[in-house]
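Undergrad: Below is the sequence, then the predicted model.
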Amino acid sequence: MYDVVVVGARCAGAATARLVAGMGHDVLMVDKTRLPSDTLSTHGLIRGGVVQLARWGLLDRVLAGGAPAITHVLFGIEGEPKVRRIKERAGVDVLVAPRRRILDGLLVDAAVESGAELRTEVTATGLLRSDDGRVAGIVGRSADGDRVELPARMVVGADGRGSRMAGYFGAGTYEQFTSPCAVFYTYVTGLRSDTYEFHIAPDTFAGVFPTHDGAACVWLIRPTPLLEPIRTAGSGRTAAFVQQLELLVPDLGHRVRAGRVTARLRGIADLPNYLRQSHGPGWALVGDAGYHRDPITGHGITDAFRDAELLATAIDRSLDDPTLERAAMTSYQRTRDAMLREVFDLTRALTAFPPPDRFVELQLQLSEALEREADELASFPGFTAHLAA
């Protein structure tokens, strides 16, 4: 019998496991894949995510692992670039965009160091329930096809946007819309290693997140129909991506062509945006399993880190005094929803791609909202005593 079984061991799951294990509880992480591995993600952290890494004692590890320190941000509005130094706020003055295989691996290692157990290549196929219907663990299947039963006082679904755990729990969705946009991205060498870039043009949002090995994640977001030249290019999609960048954001497109593309083009369209019920008797959801928004406002890793801490606090209270579980979990969902509200609404507005002037206004509102969130995260009670590295 574990105190907590966390299904999914990437950003949200590994962070939750680390925090809960650091509070002295018996935690098992399971994941259907062999970790570390990459996943679909543009992986640029804004200040709030960096604040969390710093508070948890992990930022130095991320930087030591080769993620470049981002010290500047470039905003290009219809070809007019402005570069600004990132000022210190909420205790941090850099940003980072670590590759997911590296960041997820680091988080898993930190969770194990804090006492959590990890089992990979285990696929959750159902739930164990007590006589009163409470979730009491998971049923799974190992890589060898063997049935696995893992009893737990609490089960956390951290298995991402296509969460099976949400379905097993019967978690309802109480707000949703489908994004009318698509995003494509790849990795390119030869670009600035210390600067995030955001470029705005009519019906166009593009950018650059420098990452490991001298490469940068270069991405392009547009209304889905306008990206047909890329979507329909078959084996020539990467060339079509560069051509579209040159047409839409000439300066960035020319620099990408002068660099070297080091990875295949990846993309996704018409993503769901939703808020799900995130708790019930013996279960909870965290990260994209419980809440997802379009990458036009992106930074889902920061959302995952925020929600991991909110949930870990609620789980700790619930395990220490089961009579507090309902109140603690209700507070988790209510606080999460309050903290994401403004950004969720801005996501809906930005995916409509208003004219550039209005798009810029919305981006400024977004920036202010995210900075306020970073301040709030920096004010959370510290976990240093529990999480000494």
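TA: Yep, that arrived. Numbering: from 1, shown residues only.
Undergrad: secondary structure class for K82?
TA: At K82 the chain is in strand, as set by DSSP: H, G, I helix; E, B strand; the rest coil.
Undergrad: quick one: pLDDT of it?
TA: pLDDT recorded at K82 is 95.
Undergrad: Grab the longest helix from the chain for me.
TA: What stands out as the longest helix in the chain, according to DSSP state H, is helix 325-351.
Undergrad: So which bits of that one are buried?
TA: 325, 328-329, 331-333, 335-337, 339-340, 342-344, 346-347, 349-351 (16 or more other C-beta atoms under 10 Å). (Each C-beta comes from the backbone N, C-alpha and C, glycine too.)
Undergrad: Next: stretch 108-119.
TA: Buried residues in stretch 108-119 (16+ other C-beta under 10 Å): 108-112, 114-116, 118.
Undergrad: how about that stretch as CSV, C-alpha atoms only?
TA: C-alpha atoms of stretch 108-119 as CSV (Å, rounded to 0.1, in the frame of the first residue of the first chain):
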residue,chain,number,x,y,z
VAL,A,108,12.5,12.2,-12.0
ASP,A,109,15.9,12.0,-10.5
ALA,A,110,15.1,14.6,-8.0
ALA,A,111,11.8,12.8,-7.1
VAL,A,112,13.8,9.5,-6.5
GLU,A,113,16.3,11.4,-4.4
SER,A,114,13.4,12.6,-2.2
GLY,A,115,12.3,9.1,-1.7
ALA,A,116,9.8,8.4,-4.5
GLU,A,117,9.9,5.1,-6.3
LEU,A,118,9.8,4.9,-10.2
ARG,A,119,8.5,2.1,-12.4
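Undergrad: Now do it, average pLDDT.
TA: The pLDDT scores in stretch 108-119 average 98.
Undergrad: what packs against the longest helix of the chain?
TA: Here helix 325-351 touches strand 272-276, strand 279-280, helix 300-320, helix 356-378, going by 3 or more C-beta pairs under 8 Å, 6 or more residues apart in numbering; DSSP states H and E.
Undergrad: one step back: dump the buried residues of stretch 108-119 to CSV, plus secondary structure and distance to G79.
TA: As requested, the buried residues of stretch 108-119 are exported to CSV (DSSP: H, G, I helix; E, B strand; the rest coil; distance: C-beta to C-beta, whole Å):
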residue, secondary structure, distance to G79
V108, helix, 43
D109, helix, 44
A110, helix, 43
A111, helix, 45
V112, helix, 48
S114, coil, 48
G115, coil, 53
A116, coil, 49
L118, strand, 48
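Undergrad: Show me which of those residues is closest to L252.
TA: Closest to L252 out of these is V108 (34.2 Å), distances taken as C-beta to C-beta.
Undergrad: just checking, that closest one touches L35?
TA: Yes: V108 lies in contact with L35 (C-beta atoms under 8 Å); the separation is 5.9 Å.
Undergrad: Quick check: neighbours shared by these two?
TA: 9, 118 (C-beta atoms under 8 Å, 6 or more residues apart in numbering).
Undergrad: Could you list which residues are in contact with D132?
TA: D132 is in contact with P281, counting by C-beta under 8 Å, 6+ apart.
Undergrad: Could you do V256 as well?
TA: V256 makes contacts with 188, 191, 218, 242, 245, as judged by C-beta under 8 Å, 6+ apart.
Undergrad: Can you give me the distance of it to T262?
TA: Distance of V256 to T262, given as C-beta to C-beta, to the nearest Å: 12 Å.
Undergrad: overlap in contacts of those two?
TA: Common contacts of V256 and T262 (C-beta under 8 Å, 6+ apart): V188.
Undergrad: circling back to that earlier point, where's the longest helix of the chain relative to the chain centroid, distance-wise?
TA: 15 Å (C-alpha atoms, centre = their mean, to the nearest Å).
Undergrad: Now it: average pLDDT?
TA: pLDDT averaged over helix 325-351 gives 98.
Undergrad: quick one: that helix to helix 356-378, angle?
TA: Angle of helix 325-351 versus helix 356-378, following axes from the mean of the first three to the mean of the last three C-alpha atoms, to 10 degrees, is 160 degrees.
Undergrad: On the pLDDT front, check F383 for me.
TA: With respect to pLDDT, F383 has a value of 61.
Undergrad: And the one 4 residues further on, by the same measure?
TA: L387 is assigned 47 on the pLDDT scale.
Undergrad: likewise E78?
TA: pLDDT recorded at E78 is 83.
Undergrad: check contacts around it.
TA: Shown in contact with E78 (C-beta under 8 Å, 6+ apart): 200-202, 356.
Undergrad: Tell me the backbone dihedrals of the nearest residue to V94 once chain neighbours are set aside, please.
TA: Leaving aside its chain neighbours, V94 sits nearest to A69 (4.3 Å; criterion: C-beta to C-beta, 6 or more residues apart in numbering). Main-chain dihedrals, A69, degrees, to the nearest 10: phi -80, psi 120.
Undergrad: Enumerate every residue touching W283.
TA: Shown in contact with W283 (C-beta under 8 Å, 6+ apart): 135, 154-157, 165, 169.
Undergrad: Let me know the closest of those to V286.
TA: Using C-beta to C-beta, V156 comes nearest to V286 of these, at 5.9 Å.
Undergrad: Within the helices and strands, which one has the closest one?
TA: Using DSSP states H and E, V156 sits in strand 147-157.
Undergrad: rewinding a little: what about the contacts of E78, which one has the most neighbours?
TA: When neighbours are counted by other C-beta atoms under 10 Å, I200 leads those with 20 neighbours.
Undergrad: Make sure it is actually in contact with Q363.
TA: Yes: contact criterion C-beta under 8 Å: I200 and Q363 qualify, at 7.2 Å.
Undergrad: can you map out the helices along this structure?
TA: Under DSSP H, the chain gives helices at 11-22, 47-55, 59-64, 100-113, 164-169, 228-231, 237-248, 250-258, 300-320, 325-351, 356-378.
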